[in-house]
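Asks: Below is the sequence, then the predicted model.
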Amino acid sequence: MKKFIAPTVGLLLLGLAGCGAADQATAPEPKSQTAPEQAESEAATPEVGGKDVAFGETAGVTNESGGKYAITASALQDVTEFSVEPVEGKYVSTDVEASLISGTGGAVASVGFMLVDAAGNEYVSAAPNGENMDGVLFATLLTQGDSGSGKVFFDVPADATGLKLVFQPLTATEPIGSWS
């Protein structure tokens, strides 16, 4: 019986040692990206400027929760397509595209944008046609990797000069991005 127990215990110990060795096997090395894969991941991250950029450029803005956005606003365009007359003088619009690059998301909405003229007068976003709001940037909730776009309209005096677009979400105490 002793002859049978010794080899069995030996095999059991050898088996356990082998199992331990398997547990200690080297983990696969992290796969390094090839040049095309690295270029692709870099291309997925939008190029952003500061928080104050020219129309048509992408601003990098951070909300109060730390979410980092890439927001692009096109140059202002006069709008004459609406039957409702503007109170101030004329309607202008801008096309806005926003994407959340990192951090906690939130809403990007037309009500977060305003125009400021050279004299410092502020003009909030307008709804020039309450019947057809196709393409308007409403509250677009973004999570990481999401994007949204739409038009933002303003009613400004016909002779307004030096118009600057400012992004200040409703929860922010000061503007976090601008285009001029």
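Replies: Structure's in. What do you need? All of these numbers come straight from a predicted model, not from anything done at the bench.
Asks: List the buried residues in the strand ranked longest in the chain.
Replies: Across the chain, the strand with the greatest residue count (assigned by DSSP state E) is strand 90-102. By neighbour count on 16 or more other C-beta atoms under 10 Å, the buried set for strand 90-102 is K90, Y91, V92, S93, T94, D95, V96, E97, A98, S99, L100, I101. No exception for glycine: its C-beta is placed from N, CA and C like everyone else's.
Asks: Equivalent analysis for stretch 161-180, please.
Replies: So for stretch 161-180, counting by 16+ other C-beta under 10 Å, buried means L163, K164, L165, V166, F167, Q168, P169, P175, I176, G177, S178, W179.
Asks: same question, stretch 114-125
Replies: So stretch 114-125, judged by 16+ other C-beta under 10 Å, has buried residues M114, L115, V116, D117, Y123, S125.
Asks: give me every residue that touches the residue lying closest to the third one once chain neighbours are set aside.
Replies: Pointing back at V116 there. Leaving out its chain neighbours, the residue that sits closest to V116 by C-beta to C-beta, 6 or more residues apart in numbering is K164, at 4.9 Å. Contacts for K164 (C-beta atoms under 8 Å, 6 or more residues apart in numbering) come out as L115, V116, D117, S178, W179, S180.
Asks: re the thing from before, nearest to A158 among the buried residues of strand 90-102?
Replies: K90 (4.9 Å; C-beta to C-beta).
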